[in-house]
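> After the sequence you'll find the predicted model.
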2 protein chains.
Amino acid sequence: MYFQTLTQMKKMLLQLDKWLEAGAAHAHSKSFDQNLFLGFRLAPDQFAFLKQVQVACDTAKLMASRLTGKEAPKNADDEQSLEALRARVHSTVAYLETFSAHDFDAAATRVISQPRWEGKTMTGADFFLEHAVPNFFFHITHIYAILRHNGVAIGKRDYLGALTMKAP
Amino acid sequence: MYFQTLTQMKKMLLQLDKWLEAGAAHAHSKSFDQNLFLGFRLAPDQFAFLKQVQVACDTAKLMASRLTGKEAPKNADDEQSLEALRARVHSTVAYLETFSAHDFDAAATRVISQPRWEGKTMTGADFFLEHAVPNFFFHITHIYAILRHNGVAIGKRDYLGALTMKAP
(Lines give C-alpha, C1' and ligand atoms only; values in the text may rest on other atoms or scores of the structure.)
Protein backbone atom coordinates (compact mmCIF):
# COMPACT_ATOMS: atom_id res chain seq x y z
CA MET A 1 0.00 0.00 0.00
CA TYR A 2 2.96 2.36 0.55
CA PHE A 3 4.01 2.29 -3.08
CA GLN A 4 0.42 2.56 -4.36
CA THR A 5 -0.15 5.56 -2.11
CA LEU A 6 3.04 7.15 -3.42
CA THR A 7 1.71 6.60 -6.94
CA GLN A 8 -1.52 8.35 -5.93
CA MET A 9 0.48 11.25 -4.47
CA LYS A 10 2.39 11.52 -7.74
CA LYS A 11 -0.93 11.65 -9.60
CA MET A 12 -2.19 14.40 -7.29
CA LEU A 13 1.01 16.44 -7.70
CA LEU A 14 0.43 16.29 -11.46
CA GLN A 15 -3.11 17.53 -10.84
CA LEU A 16 -1.65 20.30 -8.66
CA ASP A 17 0.50 21.30 -11.61
CA LYS A 18 -2.73 21.79 -13.61
CA TRP A 19 -4.23 23.91 -10.82
CA LEU A 20 -1.14 26.14 -10.93
CA GLU A 21 -1.54 26.44 -14.69
CA ALA A 22 -5.21 27.38 -14.16
CA GLY A 23 -4.10 29.96 -11.59
CA ALA A 24 -1.75 31.53 -14.12
CA ALA A 25 -4.53 31.61 -16.74
CA HIS A 26 -6.92 33.19 -14.23
CA ALA A 27 -4.36 35.88 -13.36
CA HIS A 28 -3.84 36.60 -17.05
CA SER A 29 -7.59 36.87 -17.73
CA LYS A 30 -8.02 39.28 -14.79
CA SER A 31 -4.80 41.19 -15.57
CA PHE A 32 -3.05 40.65 -12.26
CA ASP A 33 0.45 39.34 -11.57
CA GLN A 34 0.21 35.54 -11.33
CA ASN A 35 2.95 35.50 -8.71
CA LEU A 36 0.63 37.27 -6.27
CA PHE A 37 -0.73 33.80 -5.51
CA LEU A 38 2.49 32.93 -3.68
CA GLY A 39 1.58 35.26 -0.80
CA PHE A 40 -2.10 34.35 -0.50
CA ARG A 41 -3.31 32.51 2.59
CA LEU A 42 -6.61 31.67 4.29
CA ALA A 43 -5.62 32.89 7.76
CA PRO A 44 -2.81 35.24 8.83
CA ASP A 45 -1.19 32.52 10.94
CA GLN A 46 -1.34 29.79 8.31
CA PHE A 47 1.38 29.06 5.74
CA ALA A 48 1.10 31.16 2.58
CA PHE A 49 0.50 29.46 -0.76
CA LEU A 50 4.24 29.32 -1.59
CA LYS A 51 5.02 27.32 1.55
CA GLN A 52 1.94 25.12 1.15
CA VAL A 53 3.29 23.98 -2.24
CA GLN A 54 6.82 23.47 -0.90
CA VAL A 55 5.55 21.43 2.04
CA ALA A 56 3.15 19.34 -0.07
CA CYS A 57 6.10 18.41 -2.30
CA ASP A 58 8.37 17.71 0.65
CA THR A 59 5.79 15.58 2.44
CA ALA A 60 5.66 13.19 -0.52
CA LYS A 61 9.43 13.34 -1.04
CA LEU A 62 10.25 12.68 2.62
CA MET A 63 7.65 9.95 2.96
CA ALA A 64 9.33 8.08 0.09
CA SER A 65 12.78 8.76 1.47
CA ARG A 66 12.06 7.86 5.09
CA LEU A 67 10.07 4.71 4.37
CA THR A 68 12.77 3.35 2.06
CA GLY A 69 15.90 4.59 3.82
CA LYS A 70 17.07 6.40 0.67
CA GLU A 71 18.60 9.85 0.83
CA ALA A 72 16.24 12.60 -0.46
CA PRO A 73 17.50 15.46 -2.64
CA LYS A 74 17.64 18.79 -0.79
CA ASN A 75 15.59 21.74 -1.98
CA ALA A 76 16.73 25.34 -1.50
CA ASP A 77 13.12 26.56 -1.00
CA ASP A 78 13.99 29.66 -3.02
CA GLU A 79 11.03 29.63 -5.43
CA GLN A 80 9.79 33.13 -6.22
CA SER A 81 7.31 32.52 -9.02
CA LEU A 82 4.45 30.25 -10.01
CA GLU A 83 6.68 28.91 -12.78
CA ALA A 84 9.38 28.00 -10.25
CA LEU A 85 6.76 26.23 -8.12
CA ARG A 86 5.67 24.22 -11.13
CA ALA A 87 9.31 23.19 -11.65
CA ARG A 88 9.45 22.14 -7.98
CA VAL A 89 6.38 19.96 -8.49
CA HIS A 90 7.91 18.40 -11.61
CA SER A 91 11.20 17.66 -9.86
CA THR A 92 9.32 16.05 -6.97
CA VAL A 93 7.35 13.86 -9.36
CA ALA A 94 10.61 12.88 -11.10
CA TYR A 95 12.06 11.87 -7.71
CA LEU A 96 8.98 9.81 -6.83
CA GLU A 97 9.36 8.00 -10.15
CA THR A 98 12.70 6.58 -9.05
CA PHE A 99 10.95 4.25 -6.56
CA SER A 100 9.56 0.77 -7.08
CA ALA A 101 7.23 -1.30 -4.90
CA HIS A 102 10.19 -3.39 -3.76
CA ASP A 103 11.85 -0.34 -2.15
CA PHE A 104 9.08 -0.35 0.47
CA ASP A 105 9.50 -3.98 1.60
CA ALA A 106 10.77 -2.97 5.05
CA ALA A 107 8.77 0.26 5.32
CA ALA A 108 6.35 -0.79 8.06
CA THR A 109 9.03 -1.51 10.64
CA ARG A 110 11.51 1.27 9.88
CA VAL A 111 12.24 3.65 12.73
CA ILE A 112 11.33 7.19 11.66
CA SER A 113 12.36 10.41 13.35
CA GLN A 114 12.68 14.12 12.59
CA PRO A 115 14.89 16.75 14.29
CA ARG A 116 11.84 18.47 15.80
CA TRP A 117 10.72 15.24 17.51
CA GLU A 118 13.62 15.52 20.00
CA GLY A 119 14.61 11.86 19.82
CA LYS A 120 11.12 10.40 19.72
CA THR A 121 10.38 7.90 16.96
CA MET A 122 7.49 6.39 15.04
CA THR A 123 7.34 3.10 13.17
CA GLY A 124 7.11 3.44 9.41
CA ALA A 125 3.55 2.08 9.50
CA ASP A 126 2.39 4.67 12.06
CA PHE A 127 4.34 7.50 10.41
CA PHE A 128 2.67 6.71 7.09
CA LEU A 129 -0.89 6.50 8.42
CA GLU A 130 -0.89 9.17 11.12
CA HIS A 131 1.57 11.73 9.76
CA ALA A 132 2.61 11.53 6.10
CA VAL A 133 -0.74 10.82 4.44
CA PRO A 134 -2.84 13.28 6.51
CA ASN A 135 -0.18 15.99 6.06
CA PHE A 136 0.11 15.49 2.32
CA PHE A 137 -3.63 15.87 1.84
CA PHE A 138 -3.75 18.77 4.30
CA HIS A 139 -1.32 20.85 2.26
CA ILE A 140 -2.55 19.86 -1.17
CA THR A 141 -6.14 20.68 -0.17
CA HIS A 142 -5.08 24.06 1.22
CA ILE A 143 -3.40 24.84 -2.11
CA TYR A 144 -6.62 23.93 -3.89
CA ALA A 145 -8.74 25.92 -1.42
CA ILE A 146 -6.59 29.07 -1.70
CA LEU A 147 -6.95 28.96 -5.50
CA ARG A 148 -10.73 28.40 -5.28
CA HIS A 149 -11.06 31.16 -2.70
CA ASN A 150 -9.40 33.52 -5.17
CA GLY A 151 -11.66 32.64 -8.07
CA VAL A 152 -9.65 30.06 -10.01
CA ALA A 153 -12.03 27.86 -12.02
CA ILE A 154 -11.02 24.39 -10.87
CA GLY A 155 -13.37 21.73 -9.50
CA LYS A 156 -13.54 18.35 -7.81
CA ARG A 157 -12.57 16.53 -11.01
CA ASP A 158 -9.38 18.58 -11.16
CA TYR A 159 -8.72 17.59 -7.57
CA LEU A 160 -9.19 13.84 -8.08
CA GLY A 161 -7.91 13.52 -11.64
CA ALA A 162 -9.00 10.66 -13.89
CA LEU A 163 -10.42 7.63 -12.07
CA THR A 164 -9.62 4.05 -13.06
CA MET A 165 -13.12 2.99 -14.10
CA LYS A 166 -14.49 0.09 -16.08
CA ALA A 167 -17.28 0.74 -18.60
CA PRO A 168 -20.56 -1.14 -17.93
CA MET B 1 -4.40 -1.18 5.17
CA TYR B 2 -8.15 -0.62 4.61
CA PHE B 3 -9.01 -1.20 8.23
CA GLN B 4 -6.04 0.81 9.51
CA THR B 5 -7.06 3.70 7.27
CA LEU B 6 -10.61 3.49 8.60
CA THR B 7 -9.18 3.65 12.11
CA GLN B 8 -7.25 6.78 11.11
CA MET B 9 -10.44 8.32 9.66
CA LYS B 10 -12.22 7.58 12.93
CA LYS B 11 -9.41 9.35 14.79
CA MET B 12 -9.70 12.36 12.50
CA LEU B 13 -13.47 12.53 12.91
CA LEU B 14 -12.91 12.67 16.66
CA GLN B 15 -10.45 15.51 16.05
CA LEU B 16 -13.10 17.21 13.88
CA ASP B 17 -15.45 16.99 16.83
CA LYS B 18 -12.91 19.01 18.84
CA TRP B 19 -12.67 21.61 16.06
CA LEU B 20 -16.46 22.00 16.17
CA GLU B 21 -16.25 22.45 19.92
CA ALA B 22 -13.54 25.10 19.42
CA GLY B 23 -15.79 26.80 16.83
CA ALA B 24 -18.62 26.97 19.37
CA ALA B 25 -16.24 28.42 21.99
CA HIS B 26 -14.96 31.00 19.50
CA ALA B 27 -18.52 32.07 18.63
CA HIS B 28 -19.32 32.40 22.31
CA SER B 29 -16.20 34.51 23.00
CA LYS B 30 -17.04 36.81 20.06
CA SER B 31 -20.77 36.86 20.86
CA PHE B 32 -22.04 35.54 17.53
CA ASP B 33 -24.42 32.66 16.84
CA GLN B 34 -22.30 29.48 16.60
CA ASN B 35 -24.67 28.09 13.97
CA LEU B 36 -23.54 30.78 11.53
CA PHE B 37 -20.62 28.45 10.77
CA LEU B 38 -22.99 26.11 8.93
CA GLY B 39 -23.36 28.59 6.06
CA PHE B 40 -19.72 29.64 5.76
CA ARG B 41 -17.77 28.64 2.67
CA LEU B 42 -14.47 29.57 0.98
CA ALA B 43 -15.94 30.14 -2.49
CA PRO B 44 -19.55 30.78 -3.56
CA ASP B 45 -19.60 27.61 -5.69
CA GLN B 46 -18.11 25.32 -3.05
CA PHE B 47 -20.10 23.34 -0.49
CA ALA B 48 -20.89 25.28 2.67
CA PHE B 49 -19.53 24.10 6.02
CA LEU B 50 -22.70 22.11 6.83
CA LYS B 51 -22.40 20.01 3.68
CA GLN B 52 -18.62 19.62 4.09
CA VAL B 53 -19.23 17.94 7.46
CA GLN B 54 -22.03 15.76 6.13
CA VAL B 55 -19.92 14.64 3.17
CA ALA B 56 -16.80 14.00 5.27
CA CYS B 57 -18.87 11.72 7.51
CA ASP B 58 -20.50 10.00 4.54
CA THR B 59 -17.20 9.44 2.76
CA ALA B 60 -15.90 7.43 5.72
CA LYS B 61 -19.24 5.67 6.22
CA LEU B 62 -19.61 4.70 2.56
CA MET B 63 -16.00 3.63 2.23
CA ALA B 64 -16.52 1.17 5.07
CA SER B 65 -19.85 0.04 3.71
CA ARG B 66 -18.80 -0.38 0.07
CA LEU B 67 -15.49 -2.11 0.79
CA THR B 68 -17.14 -4.64 3.08
CA GLY B 69 -20.48 -5.13 1.34
CA LYS B 70 -22.39 -4.16 4.49
CA GLU B 71 -25.43 -1.91 4.34
CA ALA B 72 -24.77 1.63 5.62
CA PRO B 73 -27.27 3.48 7.82
CA LYS B 74 -29.07 6.28 6.00
CA ASN B 75 -28.76 9.88 7.19
CA ALA B 76 -31.53 12.43 6.73
CA ASP B 77 -29.03 15.28 6.22
CA ASP B 78 -31.31 17.53 8.25
CA GLU B 79 -28.74 18.98 10.66
CA GLN B 80 -29.41 22.63 11.47
CA SER B 81 -26.96 23.33 14.25
CA LEU B 82 -23.35 22.78 15.24
CA GLU B 83 -24.64 20.50 18.01
CA ALA B 84 -26.51 18.38 15.48
CA LEU B 85 -23.36 18.16 13.34
CA ARG B 86 -21.41 16.93 16.35
CA ALA B 87 -24.06 14.24 16.85
CA ARG B 88 -23.66 13.27 13.18
CA VAL B 89 -19.90 12.92 13.69
CA HIS B 90 -20.45 10.78 16.81
CA SER B 91 -22.93 8.50 15.05
CA THR B 92 -20.49 8.06 12.16
CA VAL B 93 -17.70 7.12 14.56
CA ALA B 94 -20.03 4.64 16.27
CA TYR B 95 -20.79 3.06 12.89
CA LEU B 96 -17.09 2.81 12.01
CA GLU B 97 -16.52 1.04 15.32
CA THR B 98 -18.70 -1.86 14.21
CA PHE B 99 -16.02 -2.97 11.71
CA SER B 100 -13.07 -5.30 12.23
CA ALA B 101 -10.01 -5.92 10.03
CA HIS B 102 -11.55 -9.22 8.88
CA ASP B 103 -14.50 -7.40 7.29
CA PHE B 104 -12.11 -6.00 4.66
CA ASP B 105 -10.65 -9.36 3.54
CA ALA B 106 -12.26 -9.13 0.10
CA ALA B 107 -12.15 -5.31 -0.17
CA ALA B 108 -9.52 -5.01 -2.92
CA THR B 109 -11.49 -6.96 -5.50
CA ARG B 110 -15.03 -5.80 -4.73
CA VAL B 111 -16.85 -4.10 -7.58
CA ILE B 112 -17.83 -0.60 -6.50
CA SER B 113 -20.33 1.69 -8.19
CA GLN B 114 -22.46 4.75 -7.42
CA PRO B 115 -25.67 5.92 -9.11
CA ARG B 116 -23.90 8.94 -10.61
CA TRP B 117 -21.31 6.73 -12.35
CA GLU B 118 -23.95 5.53 -14.85
CA GLY B 119 -23.03 1.86 -14.68
CA LYS B 120 -19.26 2.33 -14.57
CA THR B 121 -17.37 0.53 -11.81
CA MET B 122 -14.11 0.66 -9.87
CA THR B 123 -12.32 -2.12 -8.02
CA GLY B 124 -12.30 -1.72 -4.26
CA ALA B 125 -8.53 -1.12 -4.36
CA ASP B 126 -8.81 1.71 -6.90
CA PHE B 127 -11.92 3.19 -5.23
CA PHE B 128 -10.08 3.31 -1.92
CA LEU B 129 -6.87 4.92 -3.25
CA GLU B 130 -8.22 7.24 -5.94
CA HIS B 131 -11.62 8.21 -4.56
CA ALA B 132 -12.43 7.51 -0.90
CA VAL B 133 -9.17 8.57 0.76
CA PRO B 134 -8.58 11.76 -1.31
CA ASN B 135 -12.23 12.78 -0.85
CA PHE B 136 -12.24 12.19 2.89
CA PHE B 137 -9.18 14.39 3.38
CA PHE B 138 -10.52 16.97 0.92
CA HIS B 139 -13.66 17.55 2.96
CA ILE B 140 -12.11 17.30 6.39
CA THR B 141 -9.40 19.80 5.41
CA HIS B 142 -12.02 22.20 4.01
CA ILE B 143 -13.84 22.04 7.35
CA TYR B 144 -10.61 22.84 9.15
CA ALA B 145 -9.76 25.62 6.66
CA ILE B 146 -13.19 27.29 6.97
CA LEU B 147 -12.82 27.36 10.75
CA ARG B 148 -9.26 28.76 10.54
CA HIS B 149 -10.37 31.34 7.96
CA ASN B 150 -12.98 32.53 10.45
CA GLY B 151 -10.58 32.89 13.35
CA VAL B 152 -11.04 29.65 15.28
CA ALA B 153 -7.87 28.93 17.27
CA ILE B 154 -7.01 25.42 16.10
CA GLY B 155 -3.65 24.29 14.72
CA LYS B 156 -1.83 21.45 13.04
CA ARG B 157 -1.74 19.38 16.22
CA ASP B 158 -5.53 19.56 16.38
CA TYR B 159 -5.62 18.38 12.79
CA LEU B 160 -3.33 15.37 13.29
CA GLY B 161 -4.29 14.45 16.84
CA ALA B 162 -1.92 12.50 19.09
CA LEU B 163 0.82 10.59 17.26
CA THR B 164 1.91 7.08 18.24
CA MET B 165 5.48 7.90 19.28
CA LYS B 166 8.13 6.08 21.24
CA ALA B 167 10.22 8.03 23.74
CA PRO B 168 13.99 8.07 23.07
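Arrived safely. Numbers count the residues shown, from 1 in each chain, chains lettered A, B, ... in the order given.
> rest of the way, CA atoms for contacts and neighbours
Noted.
> Got the confidence number for the residue nearest to residue A:17 when sequence neighbours are not counted?
Leaving aside its chain neighbours, residue A:17 sits nearest to residue A:86 (6.0 Å; criterion: CA to CA, 6 or more residues apart in numbering or on different chains). Looking at residue A:86, its pLDDT is 98.
> shouldn't residue A:86 be in contact with residue A:15?
No. With contacts counted by CA atoms under 8 Å, residue A:86 stays clear of residue A:15, the gap being 11.0 Å.
> neighbours around residue A:32, how many?
For residue A:32, the neighbour count with other CA atoms under 10 Å in any protein chain shown is 12.
> Sorry, wrong one. I was asking about residue A:50.
Residue A:50 has 23 neighbours, counted by other CA under 10 Å.
> Could you do residue A:77 as well?
Residues within reach of residue A:77, counting by other CA under 10 Å, total 12.
> Could you find the closest non-adjacent residue to it?
Using CA to CA, 6+ apart, the closest residue to residue A:77 is residue A:54 (7.0 Å).
> Can I take it that the residue nearest to residue A:17 is in a helix?
Yes. Assessed with DSSP: H, G, I helix; E, B strand; the rest coil, residue A:86 lies in a helix.
> Could you list the low-confidence segments of chain A?
Within chain A, no range satisfies pLDDT under 70.
> Give me the distance from the longest helix belonging to it to the chain's centre.
Counting residues, the longest helix in chain A under DSSP state H turns out to be helix A:2-29. Taking CA atoms, centre = their mean, to the nearest Å, the mean C-alpha location of helix A:2-29 is offset from the chain mean by 8 Å.
> Same question for that helix: list its buried residues.
Using 16 or more other CA atoms under 10 Å in any protein chain shown as the burial criterion, the residues of helix A:2-29 that qualify are A:2-3, A:5-24, A:26-27.
> gap between residue A:80 and residue A:88?
Separation of residue A:80 from residue A:88 (CA to CA, to the nearest Å) stands at 11 Å.
> Pick out whichever of those two has more residues nearby.
Legend: neighbour count by other CA under 10 Å for residue A:80 and residue A:88, higher for residue A:88 (20 against 11).
> which residues touch that one?
With contact set as CA atoms under 8 Å, 6 or more residues apart in numbering or on different chains, residue A:88 has these partners: A:54, A:57.
> Try it again at 10 Å.
Counting by CA atoms under 10 Å, 6 or more residues apart in numbering or on different chains, residue A:88 makes contact with A:17, A:53, A:54, A:57, A:58, A:75, A:77, A:79, A:82, A:94.
> cool, and residue A:137?
For residue A:137, counting by CA under 10 Å, 6+ apart, the contacting residues are A:9, A:12, A:56, A:59-60, A:143, B:133-138, B:140-141.
> I'd guessed residue A:39 sits against residue A:51; true?
Yes. Using CA atoms under 10 Å, residue A:39 is in contact with residue A:51, at 9.0 Å.
> Those two - which one has more neighbours?
Higher neighbour count among residue A:39 and residue A:51: residue A:51, with 19 against 11, using other CA under 10 Å.
> what packs against the helix or strand encompassing that one?
Per DSSP states H and E: residue A:51 is located in helix A:49-68. With contacts taken as 3 or more CA pairs under 10 Å, 6 or more residues apart in numbering or on different chains; DSSP states H and E, helix A:49-68 sits against helix A:2-29, helix A:82-96, strand A:111-112, helix A:124-126, helix A:133-149.
> what about residue A:122, which SS state?
Going by three-state DSSP: residue A:122 is strand.
> in the sheet, who's paired with it?
residue A:112 (DSSP bridges).
> Spatially central, which residue of chain A would that be?
Nearest to the mean C-alpha position of chain A, by CA atoms, centre = their mean, lies residue A:56 at 2.9 Å.
> Run a quick check on that one versus residue A:93, I expect a contact.
No. Contact criterion CA under 10 Å: residue A:56 and residue A:93 do not qualify, at 11.6 Å.
> Between the two, which contacts overlap?
A:9, A:13.
> Confirm residue A:44 sits in a strand?
No. Counting by three-state DSSP, residue A:44 is not part of a strand but coil.
> for it, what are its contacts?
With CA under 10 Å, 6+ apart, residue A:44 has these contacts: B:148, B:149, B:151.
> Which neighbours do residue A:86 and residue A:15 have in common?
With CA under 10 Å, 6+ apart, residue A:86 and residue A:15 have common neighbours residue A:21.
> of the contacts of residue A:44, closest to chain A?
residue B:149 (5.0 Å; CA to the nearest CA).
> Report how many residues lie close to that closest one.
Taking other CA under 10 Å as the criterion, the count of residues near residue B:149 is 19.
> hang on, isn't the residue nearest to residue A:17 packed against residue A:21?
Yes. With contact defined as CA under 10 Å, residue A:86 reaches residue A:21; the gap is 8.3 Å.
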